[in-house]
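In: let me see the structure of the following:
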Amino acid sequence: YDSKCVFCRIARREDTGTALLPCQYDDLVCFRDIRPGAPHHYLVVPVEHMGNCKTLKTEHIPVVQRMVEVGKAVLQRNNFNDLNDVRMGFHWPPFCSISHLHLHVLAPASQLGFLSRLIYRLNSYWFIT
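Out: Below is the predicted model:
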């Protein structure tokens, strides 16, 4: 836990200004992005402070898989079912504004605006899926 980390505070429900969405795992939280890049833009965040995606190791694969599951579930709960029109990924350092692992879930990907298409560009130098 890092008391200076905004995602740690949100995950531990210390930030009352952020509404958490239902999540099927106790070790993850999900909430809306404050600067949405698509009509549906959610962040899935581990409760435990984890570094950015560059620090991931083989043993983190189950956590990342659960993060993707949560992303799909929140989209479906919000009546978005075309999982072929979804973009999920992580910003690669130094392009992540918060160094607590967080998965971006954006949909419909076909409706990303010009700037969002750049920021969340598939497998670019700064955004990996």
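In: hey, C-alpha coordinates of the biggest strand by length in the chain in CSV?
Out: When the chain is parsed with DSSP state E, its longest strand is strand 40-46. C-alpha atoms of strand 40-46 as CSV (Å, rounded to 0.1, in the frame of the first residue of the first chain):
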residue,chain,number,x,y,z
HIS,A,40,-17.2,3.0,-22.2
HIS,A,41,-13.8,3.6,-20.6
TYR,A,42,-13.1,1.7,-17.4
LEU,A,43,-9.9,1.0,-15.4
VAL,A,44,-9.3,-2.3,-13.7
VAL,A,45,-6.8,-2.0,-10.8
PRO,A,46,-5.3,-4.5,-8.4
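In: what residues does it touch?
Out: 7, 10-11, 21, 23, 27-33, 63, 67-68, 70-71, 74-75, 78, 80, 100-108 (Cβ atoms under 8 Å, 6 or more residues apart in numbering). C-beta: built from backbone N, CA, C; applies to glycine.
In: sitting in helices, which of the residues you listed do you find?
Out: 7, 10-11, 63, 67-68, 70-71, 74-75 (DSSP state H).
In: from those residues, which would you call buried?
Out: Neighbour counting with 16 or more other Cβ atoms under 10 Å marks 7, 10-11, 63, 67, 70-71, 74-75 as buried within these.
In: which among those residues gets closest to residue 128?
Out: residue 67 (13.4 Å; Cβ to Cβ).
In: and the gap between the closest one and residue 17?
Out: 23 Å (Cβ to Cβ, to the nearest Å).
In: so residue 127 touches residue 93, yeah?
Out: No. Counting by Cβ atoms under 8 Å, residue 127 sits too far from residue 93 to count as a contact (11.6 Å).
In: quick one, which of these two is more surrounded?
Out: Shown here are residue 127 and residue 93; by other Cβ atoms under 10 Å, residue 127 has more neighbours (20 against 13).
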